[in-house]
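quick one: sequence plus predicted model below, questions after.
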Amino acid sequence: MGVPDGPQSGRGGRSRGGVIVQEVSGFLARIVLLFTVIGATGLLVGAMFLPAAMATDDLLTTVR
């Protein structure tokens, strides 16, 4: 049952600093991916609402 912490276990092992660097880089990659998804969603929503906003603006200027 007692399996020692080896390099293949992911935690512990010989290179502790390497594991920390991997965790930090994975965290940064997750943040970048999150912001990319948010930006792409914002662009899509903006592109969908732009014609509606322009049509509303045209209607308002026509009414005035």
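Alright, I've got the coordinates. Numbering: from 1, shown residues only.

what helix or strand is Thr62 on?
Thr62 belongs to helix 16-63 when assigned by DSSP states H and E.

report the distance from that helix to the chain centre.
Mean-position distance between helix 16-63 and its chain equals 9 Å (CA atoms, centre = their mean, to the nearest Å).

how close does the spatially most central residue of the chain sit to Phe27?
With distances taken as CA atoms, centre = their mean, Leu34 lies nearest the centre of the chain, 0.9 Å away. Remark: distance between Leu34 and Phe27 (CB to CB, to the nearest Å) = 11 Å. Heads up, the C-betas are built off the backbone N, CA and C, glycines and all.

quick one: low-confidence parts of the chain?
Within the chain, the segments meeting pLDDT under 70 span 1-17, 63-64.

let's go with 80 and repeat that
The chain contains residues with pLDDT under 80 at 1-20, 59-60, 62-64.

burial check on Gln22, number of neighbours?
For Gln22, the count of nearby residues is 12 (other CB atoms under 10 Å).

before we move on, what about Val19?
15.

distance of it from Gly26?
Distance, Val19 to Gly26, by CB to CB: 11 Å.

again, but for Met48
In terms of CB to CB, Met48 sits 33 Å off from Gly26.

also Gly46?
Distance from Gly46 to Gly26, counting by CB to CB: 30 Å.

ok, Leu50 next?
Plainly put, Leu50 is 36 Å away from Gly26 if you go by CB to CB.

what of Asp58?
From Asp58 across to Gly26, the span is 49 Å (CB to CB).

and if you look at Thr61?
51 Å.

what does stretch 45-63 rub up against?
Judged by CB atoms under 8 Å, 6 or more residues apart in numbering, stretch 45-63 makes no contacts with residues elsewhere in the structure.
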